[in-house]
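Asker: sequence plus the predicted model coming up.
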Amino acid sequence: MTAGLLVALAAVSLTTGALLESGLPPPPSQLAFILLGLVTPALGWLLAVRRPFSPYGWLLLATAVFLGLGSLGAGIALAAGTPAGVPGWLTGLFAVYFGLNSIFVPLLFPEGRLPSRRWRPVAWISAGTIGAHALGVAAAWPVSGPQTPPVSMTAAAVGALGQALSWVMAVIVLVGLVVRWRRSAVTERGQYAWMVAGATANILSFVALIVFLMGGDAGWGLVGVTGTLGSLPAAVGVAIVRHRLLDIRIGIRGSRLLFVFDVRPSVGDVLSSLGSAMEERPEPAALIGRLAASVRSALETTWAAVRLADGTRVVAGVEVGPPALVVPVRGGLGQLECGPRQHGRLTADDRRFLEALAVPAGLAIQSEGLAVRLVNAQEAERRRIERNIHDGVQQQLVALIAGLELARATGGGADLLAELREQARQTLTDLRELAAGIHPSALGQGGLVEAVEERCARLPVPTKVRAGEGLRATRFSDEVEGAMYFTVSEAVANALKHAAATRIEVRLDREDGRLRARVVDDGRGFDPATTERRGLATLADRLDALGGGLEMRAASGKGTQMTAWVPVDG
């Protein structure tokens, strides 16, 4: 939005000033002036929008704004017949435009930064000379005409000195640009070559303007204005079209002569592509592979890789040599790695792009991994129920059917019928226990506290259940109550099976918008760094999916404390 406003300011100021100067209809020379003047803001907008992290596009926009405001000041002054006041100071901005265009546009090429710290004095001196030139022009313009007020000789001298020093600095920058061109990589040499040509043409255009001012030859004036306005923007434009300045490319699609900005995708584009891929529910390795391929395509590197914290590593492209760029993924989930660029070198903008991508990419990886773990947990639970039915109730029913067949064949006595009745009762009890493992009836009827109390009442060791005030009469969603119930059940089961606990305490409370369950035992404990949490791992994922969490505190010989929580309303 800011770039668009600057373009509008530059374009409106430039056009208005030119039309005020020439009147309507404008002559061809003024139309050419307007068209050439609009090239710089157009290029600045393209670079600023597609590469907002690069200062170069914003430099071009600032240059265009000063050109437009200077033109507006000159137009107002000529139309009003006086340069006094605002028009005179606006006209002084022409000097700022000339300085930025001839010094800083080539100096900061191509990324908007100084080539090295050694150029800092040049930048500061150039800024001072541009300021002096602008102040001199603002105070002394125009210097001829019957309505011209007395000209300040001091202002004129300061302006002339600032202009002369600006030419000197422009020549120094041109020499430095030639050196950079000769030392640049083969893939960058074309960009620098066009900028050298543009800067040279720009300086020669100043010479043409001087000849025009001294001799009044309109031809030299036309050459000077055209070269000043068009040489450097033309160099930047060619660098974009032919040499992909800042990775921006322009091509022609088909035979329709439709210009297409074929640019590196933004972070939003990559995430949109990944979002579509996640909707297809691919395997985790496939999703990671798509992320690596997106990074490789976006940065145009020879290869890219995504390494996860668990050691999983997926590479897109042919990996040769060490990574040229490594950025950690959000939350310690891994890192993004890139090989060298196919053409040119990786820049600071590339690193910022990868760092910006690493944050949402980490969230996508975490979310997809959680979804996959939940699906796997559901599948494991289904297989557990299937195994329990096969090994328990199914075998009991088979034995019961066989007993019934035997009773029918033999006439069955009272003892046999009593035995079969007992088998049927045991099968019914086992079915109830199995159903309670899926979703206990007490949880659906009485709520979380009652279900936990019923579960703990059957334990072979003393177990206390404490509930916060009002919690017994409060109901929560099925997802919340189920997650908390099975987490407590798994915790007390682990305390009995693995910790050899002789006393267990369960505390349920609600505080600060959280429903919390804490299970404490006096068992032998364990080392959390070396012991797998087993069943609690899937339950932790279940809590995480609800926005909650699970924490284990344990030490060998000092018991275990498990705390689970989920957010609830109120």
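Answerer: Arrived safely.
Asker: contacts only, for residue 336.
Answerer: Counting by C-beta atoms under 8 Å, 6 or more residues apart in numbering, residue 336 makes contact with 295, 304-307, 326-329, 354, 357-358, 361. From N, CA and C alone the C-beta is placed, and that goes for glycine too.
Asker: and of the residues you listed, the nearest to residue 520?
Answerer: Proximity of those to residue 520 (C-beta to C-beta) peaks at residue 329, which lies at 35.7 Å.
Asker: helices of the stretch 1-150 of the chain, start to end?
Answerer: For the stretch 1-150 of the chain, applying DSSP state H, counting those that start in this stretch gives helices covering 2-22, 28-37, 39-50, 55-80, 86-91, 93-99, 105-107, 120-140.
Asker: need the buried ones from the contacts of residue 336 selected in ChimeraX.
Answerer: To isolate the buried members of the contacts of residue 336 in ChimeraX, using 16 or more other C-beta atoms under 10 Å:
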select :295,304,305,306,307,327,329,354,357,358,361
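Asker: just the ones of the contacts of residue 336 in helices?
Answerer: Counting by DSSP state H, those place 295, 354, 357-358, 361 in helices.
Asker: can I get those residues in CSV with distance to residue 405 and pLDDT?
Answerer: Below are those laid out as CSV (distance: C-beta to C-beta, whole Å; pLDDT from 0 to 100):
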residue, distance to residue 405, pLDDT
295, 68, 82
354, 72, 81
357, 69, 76
358, 68, 76
361, 64, 68
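Asker: which among the residues you listed gets closest to residue 121?
Answerer: For those, the nearest to residue 121 is residue 354 (33.7 Å; C-beta to C-beta).
Asker: shouldn't residue 211 be in contact with residue 219?
Answerer: No. Applying C-beta atoms under 8 Å, one finds residue 211 not in contact with residue 219, separated by 9.5 Å.
Asker: would you mind telling me which of those two has the busier surroundings?
Answerer: residue 211 (16 against 11; other C-beta atoms under 10 Å).
Asker: the more buried one falls within a helix, correct?
Answerer: Yes. Counting by DSSP: H, G, I helix; E, B strand; the rest coil, one finds residue 211 located in a helix.
Asker: in the stretch 51-200 of the chain, where is pLDDT below threshold?
Answerer: Within the stretch 51-200 of the chain, the stretches with pLDDT under 70 are 81-88, 140-152, 186-187.
Asker: how about a cut-off of 50?
Answerer: In the predicted model of the stretch 51-200 of the chain, residues 142-149 satisfy pLDDT under 50.
Asker: any idea how far residue 176 lies from residue 169?
Answerer: For residue 176, the distance to residue 169 equals 10 Å [C-beta to C-beta, to the nearest Å].
Asker: common neighbours of the two, please.
Answerer: residue 122.
Asker: more crowded one of these two?
Answerer: residue 169 (23 against 18).
Asker: quick one: residues contacting the more buried one.
Answerer: So residue 169 contacts 103, 122, 125-126, 129 (C-beta under 8 Å, 6+ apart).
Asker: now do 10 Å
Answerer: 99, 102-104, 107, 122-123, 125-130 (C-beta atoms under 10 Å, 6 or more residues apart in numbering).
Asker: to residue 494, which of the helices of the stretch 1-150 of the chain lies closest?
Answerer: The closest of the helices of the stretch 1-150 of the chain to residue 494 is helix 39-50. By C-beta to C-beta, the value is 55.8 Å.
Asker: using CSV, list the CA coordinates for the closest one.
Answerer: The C-alpha trace of helix 39-50 is given here as CSV (Å, rounded to 0.1, in the frame of the first residue of the first chain):
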residue,chain,number,x,y,z
VAL,A,39,9.5,4.7,-15.7
THR,A,40,11.4,5.1,-12.4
PRO,A,41,8.3,4.9,-10.1
ALA,A,42,7.0,1.9,-12.1
LEU,A,43,10.3,0.1,-11.5
GLY,A,44,10.4,1.1,-7.9
TRP,A,45,6.9,-0.2,-7.3
LEU,A,46,7.7,-3.5,-8.9
LEU,A,47,10.8,-4.0,-6.8
ALA,A,48,9.2,-2.8,-3.6
VAL,A,49,6.1,-5.0,-3.9
ARG,A,50,7.9,-8.2,-5.0
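Asker: excluding covalently adjacent residues, which one is nearest to residue 14?
Answerer: Closest residue to residue 14 apart from its sequence neighbours, by C-beta to C-beta, 6 or more residues apart in numbering: residue 68 at 4.0 Å.
Asker: overlap in contacts of residue 211 and residue 219?
Answerer: By C-beta under 10 Å, 6+ apart, no residue touches both residue 211 and residue 219.
Asker: what's the domain layout of this structure?
Answerer: According to automatic domain parsing, the chain is divided into the following domains: 2-260, 267-369, 375-437, 448-567.
Asker: neighbours of the residue nearest to residue 37 when sequence neighbours are not counted, how many?
Answerer: Leaving aside its chain neighbours, residue 37 sits nearest to residue 14 (4.6 Å; criterion: C-beta to C-beta, 6+ apart). Other residues lying near residue 14 total 26 when counted by other C-beta under 10 Å.
Asker: surely residue 14 and residue 93 touch.
Answerer: No. Residue 14 lies out of contact with residue 93 (C-beta atoms under 10 Å); the separation is 11.7 Å.
Asker: now list whatever residues contact both of those two.
Answerer: Contacts common to residue 14 and residue 93, judged by C-beta under 10 Å, 6+ apart, are 65, 67-72.
Asker: can you pick the most crowded of these?
Answerer: Going by other C-beta under 10 Å, residue 68 tops the shared contacts of residue 14 and residue 93 with 30 neighbours.
Asker: next one: that residue from residue 74, what distance?
Answerer: From residue 68 to residue 74 the distance is 11 Å (C-beta to C-beta).
Asker: need the residues touching each of the two.
Answerer: 17-18, 90, 93.
Asker: redo these as JSON lines? Include distance to residue 506.
Answerer: What follows is the shared contacts of residue 68 and residue 74, written out as JSON lines (distance: C-beta to C-beta, whole Å):
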{"residue": "17", "distance to residue 506": "80"}
{"residue": "18", "distance to residue 506": "83"}
{"residue": "90", "distance to residue 506": "78"}
{"residue": "93", "distance to residue 506": "76"}
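Asker: before we move on, back to that, CSV please, covering the helices of the stretch 1-150 of the chain and showing distance to residue 509.
Answerer: CSV is the format used below for the helices of the stretch 1-150 of the chain (distance: least, C-beta to C-beta, whole Å):
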stretch, distance to residue 509
helix 2-22, 51
helix 28-37, 71
helix 39-50, 53
helix 55-80, 55
helix 86-91, 70
helix 93-99, 68
helix 105-107, 66
helix 120-140, 62
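Asker: closest to residue 461 out of those?
Answerer: Per C-beta to C-beta, nearest to residue 461 of the helices of the stretch 1-150 of the chain: helix 39-50, 67.6 Å.
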